[in-house]
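Student: dropping a prediction and its sequence here:
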2 protein chains.
Amino acid sequence: MPRIESVDLFYLSMPEVLDIGDGSQDALLVRVRAGGSTGWGECEAAPLPSIASMVCPMSHSACKPVAASVIGQRIEDPIDIRRIGDLVRAESLDLLQADHTLSGIDMALWDLLGKMRSEPAYRLLGYERAYAKRPYASMLFGDTAEETYAKARTCTWTAAKFGWGPIGKGSPVEDAAHVRAAREGLGADRTLLIDIGTVWGHDVERAALAIPALEECGAMWLEEPFTSGALSAYKALSERAPKVRLAAGEGSHNLDMAKHLVDHAGIGFLQIDAGRIGGVSVAYDAAQYAKEHGVTYVNHTFTSHLALAASIAPYAGFAGETICEYPVEPKALALAITANHLTPGNDGMVRLPDAPGYGMRIDHNALRLYLVDAEIRVGGQLLYRTPELGE
Amino acid sequence: MPRIESVDLFYLSMPEVLDIGDGSQDALLVRVRAGGSTGWGECEAAPLPSIASMVCPMSHSACKPVAASVIGQRIEDPIDIRRIGDLVRAESLDLLQADHTLSGIDMALWDLLGKMRSEPAYRLLGYERAYAKRPYASMLFGDTAEETYAKARTCTWTAAKFGWGPIGKGSPVEDAAHVRAAREGLGADRTLLIDIGTVWGHDVERAALAIPALEECGAMWLEEPFTSGALSAYKALSERAPKVRLAAGEGSHNLDMAKHLVDHAGIGFLQIDAGRIGGVSVAYDAAQYAKEHGVTYVNHTFTSHLALAASIAPYAGFAGETICEYPVEPKALALAITANHLTPGNDGMVRLPDAPGYGMRIDHNALRLYLVDAEIRVGGQLLYRTPELGE
């Protein structure tokens, strides 16, 4: 009976991390080994606190390190992955960072089990087949409307999302200029999505001022005008601006939070990051819940193609829901993580590999370039040191 | 203009940490210095991940270490504390552990500002006076109903809560035996509260089986039958068991989560841990929201008397809401943190000191006994080493 032999965390970083809204500047990779197979996952999370939550000393019975609920566990069936996730949530109940750490581990476990069984992860999840997805290019706004226009002009994708940068931080007139610049640059036919990056907090009136330009430019969604938990603000805005559907969910770190958005926030799109919500298992559950309640599920991915493949798996079998987030401006590190990539086909669509696990090959030699040495000692004992990558 | 000069985190631990539901076995103390004054706070959180979230390298513009938004900030008015909290929430948006780390810092800032202005923290929060609170003894269930009975018999408090241990993990018959043992041990006149510690997850049917014994024994509340975010399960149970009011909220790590419980969960009591929700500032806001919506606010405190004093401050000015959680079985470490304690008066009531900040004196010499050496290095650079306690 195979058991989890090791869980190794690798902190990767660009040589310089800039103060911009680009989440691909560092990464926390997870390698899980059992029964001669190896699975890989990625936490979309701050690396050092996630490592600390893996190895920290126990505080009490419901505040244990994540490792305590993973190492040595049986792994031969999807139900084992579910059991391990439930165990982490119970035994690390009071360890806030645990959900982010679990996310990369759960992701690696589906990859591992897929390799053990020579099955794609989406099939282990219960989907007969994986439908092609239409990628939208996820990009940062330019610093000026002119720059945004220039970025949109050079964009070759059929759908594009602009977010972060200056949007929402200046006046409604400035925001409108950016939205119009994006639309003009893209032309009339392509899908335009706008991401505010939570900067309006809970301010419904401020958000409402942005709606006319969004409607005029035919934006398909308005993403995260408010912070993740601002359910009543989302609800109020959804009732005041029925033409622009709201998108939210990337901040969800458990299934309940995703459900609350579906139940109480009036959103049209639920965006889930499998690297934050507790992994592919929880993302799958969120996808089912969204579908049952008439909300469109979309992956949230801004990092590697490992994370991309893993984050599409939870809704791979949804024939009708085809849009997917696709990081088009990642840092070199994010591209280096895998030797192969989910390059769109001639029809512009992205397809998951029909290969064991996620079908992504980790590039050890490239990773070595970005590997960060880290070391944690408590009470004179070494709790963590960057593990060997191996061949 | 005083600015925050330093924020020091001290990891304290009992020599041995047991696998029991006792959160007083370790602690993370926060010391903040500005303008010649010193304030103290406590994170009710896993120490090592909280330290890591304070000092970790930046991942991107919305995933910065907590320290980046605190050190060097102006501090001379309550509005500065609010501003720092908002800054941490924005700049560390994607760092999950940040709310727990902020909690101890925010707590320390109210203590600091109180000392700078020679005012109690509750007055800075806007309360004219602090009303006496009736403490309930917070205790763990015995391993057997007989042990629970014996504990209840020796309890001298007018109100007692039993929680964790075996409750909810066996059969409804076993649970009922524990609840009856607690009631019989306490006698008919004292207030009995029951805490399930989230073990029923989302299972309304399982929870409903426990209601008859709770009604028979006149339990004032049923605490955390479900996980923090199980809003619809709470709501369903509240409608099926109107005589036993539900209590929840200790898992809230931001104001929105507390509001969701008030808005959507049908609870009668909102229990907030100022060491988790983002500090005394956010706890105060949650208290106001609960009051406006007819829900009774209660502190959640299982650790030191520093945390106890700080967690009462947010609702100190509520004349009608008098019950407060009081840790009666803390480990020696939790008692050692302060030289003075909030001992109940002859009338059994607990009163906040009429002294600057929280009015609690840190016992440096006692702390030294429990101080844990910790060290974090990233890329060859020392990011954290246990600071000097000083005199």
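Tutor: Everything's here; your move.

Student: contacts only, for the residue most central in space within chain A.
Tutor: Centroid check for chain A by CA atoms, centre = their mean gives residue A:273 as the closest residue, at 2.8 Å. Counting by CB atoms under 8 Å, 6 or more residues apart in numbering or on different chains, residue A:273 touches A:44, A:103, A:250, A:252, A:283, A:299-301, A:311. Using the backbone N, CA and C atoms, a C-beta is placed for each residue, glycine as well.

Student: try it again at 6 Å.
Tutor: A:44, A:250, A:300 (CB atoms under 6 Å, 6 or more residues apart in numbering or on different chains).

Student: list the residues that contact the last one.
Tutor: Listed by CB under 6 Å, 6+ apart, the contact set of residue A:300 reads A:250, A:271, A:273, A:325.

Student: recalculate using a threshold of 10 Å.
Tutor: A:23, A:44, A:138, A:223, A:247-252, A:270-277, A:283, A:307, A:311, A:324-325 (CB atoms under 10 Å, 6 or more residues apart in numbering or on different chains).

Student: domains in chain A, by residue range?
Tutor: A:4-120+A:363-385, A:134-336 (automatic domain parsing).

Student: same list (these) but as CSV, adding mean pLDDT.
Tutor: Converted to CSV, those look like this (pLDDT from 0 to 100):
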stretch, mean pLDDT
domain A:4-120+A:363-385, 97
domain A:134-336, 96
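
Student: export those domains as TSV, with columns for distance to residue B:357.
Tutor: Below are the domains of chain A laid out as TSV (distance: least, CB to CB, whole Å):
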stretch	distance to residue B:357
domain A:4-120+A:363-385	26
domain A:134-336	29
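
Student: run through the helices of chain A in chain order.
Tutor: A:47-55, A:78-91, A:98-117, A:121-124, A:145-154, A:172-186, A:204-208, A:211-216, A:231-240, A:255-264, A:280-292, A:305-312, A:332-336, A:364-368 (DSSP state H).

Student: which elements pack onto the fifth one?
Tutor: The contact analysis (3 or more CB pairs under 10 Å, 6 or more residues apart in numbering or on different chains; DSSP states H and E) places helix A:145-154 against strand A:134-140, strand A:159-163, helix A:172-186.

Student: quick one: buried residues of that helix?
Tutor: A:145, A:147-149, A:151-152 (16 or more other CB atoms under 10 Å in any protein chain shown).

Student: make JSON lines out of these and add distance to residue A:258.
Tutor: Formatted as JSON lines, the buried residues of helix A:145-154 follow (distance: CB to CB, whole Å):
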{"residue": "A:145", "distance to residue A:258": "34"}
{"residue": "A:147", "distance to residue A:258": "34"}
{"residue": "A:148", "distance to residue A:258": "31"}
{"residue": "A:149", "distance to residue A:258": "35"}
{"residue": "A:151", "distance to residue A:258": "31"}
{"residue": "A:152", "distance to residue A:258": "31"}
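
Student: near chain B, which residues of the stretch 101-250 of chain A show up?
Tutor: Applying CB under 10 Å from any CB of the partner chain, we find that the stretch 101-250 of chain A lies next to chain B at A:101, A:164-165, A:197-199, A:201-202, A:226-233, A:250.

Student: nearest residue to residue A:193 other than its sequence neighbours?
Tutor: Using CB to CB, 6 or more residues apart in numbering or on different chains and skipping residues adjacent in sequence, the residue nearest residue A:193 is residue A:161, 3.7 Å away.

Student: hey, what's that neighbour bridged with?
Tutor: Bridge pairing for residue A:161 (DSSP bridges) gives the partners residue A:138, residue A:193.

Student: so it is in contact with residue A:191, correct?
Tutor: Yes: when contacts are counted by CB atoms under 10 Å, residue A:161 is listed as touching residue A:191 (8.7 Å).

Student: overlap in contacts of those two?
Tutor: A:136-137, A:219-221, A:323.

Student: got a list of what residue A:357 touches?
Tutor: A:37-41, A:107-121, A:124, A:306, A:309-310, A:313.

Student: wait, doesn't residue A:208 sit right on residue A:226?
Tutor: No: using CB under 10 Å, residue A:208 is not in contact with residue A:226, being 11.8 Å away.

Student: compare neighbour counts for those two and give me the winner.
Tutor: Remark: of residue A:208 and residue A:226, residue A:226 carries more neighbours, 26 against 16, as counted by other CB atoms under 10 Å in any protein chain shown.

Student: distance check, the closest residue to the more buried one other than its chain neighbours against residue B:270.
Tutor: Take residue A:226 and drop its neighbours on the chain: the residue closest to it by CB to CB, 6+ apart is residue A:233, 4.5 Å away. According to CB to CB, to the nearest Å, residue A:233 and residue B:270 sit 20 Å apart.

Student: higher neighbour count, the two?
Tutor: residue B:270 (27 against 20).

Student: quick one, what contacts the more buried one?
Tutor: B:247-250, B:252, B:258-259, B:261-262, B:286-287, B:289-291, B:293, B:295-298, B:300, B:315.

Student: from residue B:307, how far out is it?
Tutor: Distance from residue B:270 to residue B:307, by CB to CB: 18 Å.

Student: using JSON lines, please lay out the helices and strands packed on helix A:145-154 together with distance to residue A:331 and mean neighbour count.
Tutor: Formatted as JSON lines, the helices and strands packed on helix A:145-154 follow (distance: least, CB to CB, whole Å; neighbours: other CB atoms under 10 Å in any protein chain shown):
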{"stretch": "strand A:134-140", "distance to residue A:331": "12", "mean neighbour count": "22"}
{"stretch": "strand A:159-163", "distance to residue A:331": "17", "mean neighbour count": "24"}
{"stretch": "helix A:172-186", "distance to residue A:331": "22", "mean neighbour count": "20"}
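
Student: the residue in the stretch 101-250 of chain A that chain B sits nearest to: what's it in contact with?
Tutor: Distances between the stretch 101-250 of chain A and chain B by CB to the nearest CB are smallest at residue A:229, namely 3.0 Å. With CB under 10 Å, 6+ apart as the criterion, the residues that contact residue A:229 are A:202, A:248, A:251-252, A:257, A:260-261, A:265, B:252-260.

Student: rerun that using 8 Å as the cut-off
Tutor: A:251, A:257, A:260, B:254, B:256-257, B:260.

Student: from those residues, pick the one nearest residue A:187.
Tutor: Of all the contacts of residue A:229, residue A:251 has the smallest distance to residue A:187: 32.1 Å, by CB to CB.

Student: neighbours around the closest one, how many?
Tutor: The burial count for residue A:251: 21, using other CB under 10 Å.

Student: ok, it touching residue B:89?
Tutor: No: counting by CB atoms under 8 Å, residue A:251 stays clear of residue B:89, with 11.2 Å between them.
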